[in-house]
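Undergrad: no FASTA, just this:
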Ligand SMILES: [Zn+2]
């Protein structure tokens, strides 16, 4: 039974060391992630604006072609005016000419506002370029710092992870689940010892009767104040980590 408690205690020691390595990375992983998402956000918005620009340009070209067609029709109608035989034909032709005139004006107006939109989009895209550059530089720097820290501790970390796996494989599933649950809830510390009659996790006194029971090392005990797994000092002494 002491072995069941000992391996839980050893798992805690390994996780403590892994947590320390993680702490060395400080805020860098978060900073990298937040920079990456900021950069992505800006890039997505730039892509969207480029797409709008392209659509606007296509539409302008289409309008220009339409205008050319209208103008050449207009020319034809104007030439026909000299050949009309009666008022009715004359009215019909002038109506056509006015109609295409109106249409051309409408397309011109539309193209003016599309050109304004393109200009606005170009300005907006240009505007974020320096910001994007700065963010990218910042990201590169932080990534390099993080990589350096990870590289420095790479060997130690992989050794610890191998050892952790070996130990975790020996632990019964319910014990492991309890360990993980408490570890999450208690910011890392799931297994603690009794020190000077107190739980070393929350420093509350453990009643002497319970201390005696815990010393038998034959059962999993939980601190009644903080819920952590309590092990006797003998378990800690026997640990091989
Ligand atoms: Zn406690």
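TA: Yes, it's here. Computed from a prediction, not measured in an experiment: that's the story for all the values here.
Undergrad: drop to CA atoms for contacts and neighbour counts, all remaining ones
TA: Will do.
Undergrad: in stretch 65-78, which residues are buried?
TA: Neighbour counts using 16 or more other CA atoms under 10 Å place 67, 70-71, 74, 77 of stretch 65-78 among the buried residues.
Undergrad: tell me the contacts of the residue lying closest to residue 204 once chain neighbours are set aside?
TA: The shortest distance from residue 204 to any non-neighbouring residue, by CA to CA, 6 or more residues apart in numbering, is to residue 198 (5.2 Å). Taking CA atoms under 8 Å, 6 or more residues apart in numbering as the criterion, residue 198 is in contact with 204-206.
Undergrad: most neighbours among those residues, which one is it?
TA: Neighbour counts for the contacts of residue 198 peak at residue 206, which has 21 neighbours (criterion: other CA atoms under 10 Å).
Undergrad: partner residues bridging the closest residue in space to that residue that isn't next to it in sequence?
TA: Spatially, and ignoring its direct neighbours in sequence, residue 206 is nearest to residue 198 (5.2 Å; CA to CA, 6+ apart). Counting by DSSP bridges, residue 198 is bridged to residue 195, residue 205.
Undergrad: which of the buried residues of stretch 65-78 fall in helices?
TA: 67, 70-71, 74, 77 (DSSP state H).
Undergrad: closest one to residue 119 out of those residues, please.
TA: residue 67 (22.1 Å; CA to CA).
Undergrad: picking up where we left off before, kindly state the pLDDT recorded for the residue nearest to residue 204?
TA: Looking at residue 198, its pLDDT stands at 96.
Undergrad: swap in residue 150?
TA: 93.
Undergrad: quick one on the thing from earlier: make a markdown table out of the ones in helices among the buried residues of stretch 65-78 and add pLDDT and distance to residue 26.
TA: Listed next are these as a markdown table, based on pLDDT from 0 to 100; distance: CA to CA, whole Å:
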| residue | pLDDT | distance to residue 26 |
| --- | --- | --- |
| 67 | 97 | 63 |
| 70 | 96 | 68 |
| 71 | 96 | 69 |
| 74 | 93 | 73 |
| 77 | 93 | 78 |
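Undergrad: and which of those residues is nearest to the ion?
TA: Nearest to the ion among those: residue 67, at 82.9 Å, using CA to the ion.
Undergrad: report the contact partners of that closest one.
TA: 104, 107.
Undergrad: among the contacts of residue 198, which one lies nearest to the ion?
TA: Of all the contacts of residue 198, the ion sits closest to residue 204, with 6.0 Å by CA to the ion.
Undergrad: now do the SS call for residue 181.
TA: helix (DSSP: H, G, I helix; E, B strand; the rest coil).
Undergrad: which outside residues touch the helix or strand of the chain with the lowest mean pLDDT?
TA: None of the helices or strands of the chain scores lower by mean pLDDT, DSSP states H and E than helix 233-238, at a mean of 92. By CA under 8 Å, 6+ apart, the list of residues contacting helix 233-238 from outside reads 2, 5-6, 9, 193-195, 215, 217.
Undergrad: change it to 7 Å
TA: 2, 5-6, 9, 193-194 (CA atoms under 7 Å, 6 or more residues apart in numbering).
Undergrad: one more: stretch 116-126?
TA: 46, 49, 53, 56.
Undergrad: switch the cut-off to 10 Å
TA: 42-43, 45-50, 52-57, 110-115, 127 (CA atoms under 10 Å, 6 or more residues apart in numbering).
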